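>>> missing the sequence, but the structure's below:
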């Protein structure tokens, strides 16, 4: 069974395939600060609803409503990925592991493919409001969204979160 349901769309991706291309939050931060727009592409592997409440500057929203739609987006945009350095991120690191492995396997002409290890969650733990993240991170524990400065967990934390993070 799949941790993130995709209807088997990623069934040809092995665990070994997903263990490549990690960037720690620090490496990610440095890479984004130094990336060249024409040579690279930054992809948010989450769905549109999640992208709308928070994202990294200049991140591409693939316009999906479920992760199972991501492979079709890759197929439709494979020429745009050709010879590009691809940076990918997601909430906790699971979707972007699968997505980056999928791109490496199905877009052979792609340049280097890297993703944020531990996802947005780990990045915000390290950088908080001083990082490159804009807005809130969609979370799956009852809060729905967490700001870069939020340290408490649960529904009460969402109500107490008075930080008005702009997207």
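Everything's here; your move. These figures come from a predicted structure and were not determined experimentally.

>>> helices and strands around the longest helix seen in the chain, which ones?
Secondary structure of the chain read by DSSP state H shows that its longest helix is helix 94-106. Contacts defined by 3 or more Cβ pairs under 8 Å, 6 or more residues apart in numbering; DSSP states H and E place helix 94-106 against helix 15-18, helix 70-76, strand 85-89, strand 113-116. Quick note: C-beta positions are derived from backbone N, CA and C, even for glycine.

>>> Let me know which of the ones you listed is tucked in deepest.
Between those, strand 113-116 has the highest mean count of neighbours, a mean of 26, where neighbours are mean count of other Cβ atoms under 10 Å.

>>> what's next to that one, contact-wise?
20-23, 25, 28, 31, 45, 85-90, 93, 96-97, 99-100, 103-104, 122-123 (Cβ atoms under 8 Å, 6 or more residues apart in numbering).

>>> That strand pairs with which strands?
Strand 113-116 pairs in its sheet with strand 22-23 (parallel), strand 85-89 (parallel), by DSSP bridges.

>>> Adding mean pLDDT and distance to residue 136, write those out as a markdown table.
A markdown table is the format used below for the strands paired with strand 113-116 (pLDDT from 0 to 100; distance: least, Cβ to Cβ, whole Å):
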| stretch | mean pLDDT | distance to residue 136 |
| --- | --- | --- |
| strand 22-23 | 96 | 22 |
| strand 85-89 | 96 | 14 |
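
>>> Could I get those strands in JSON lines, plus columns for distance to residue 128?
Rendered in JSON lines, the data for the strands paired with strand 113-116 read as follows (distance: least, Cβ to Cβ, whole Å):
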{"stretch": "strand 22-23", "distance to residue 128": "18"}
{"stretch": "strand 85-89", "distance to residue 128": "16"}
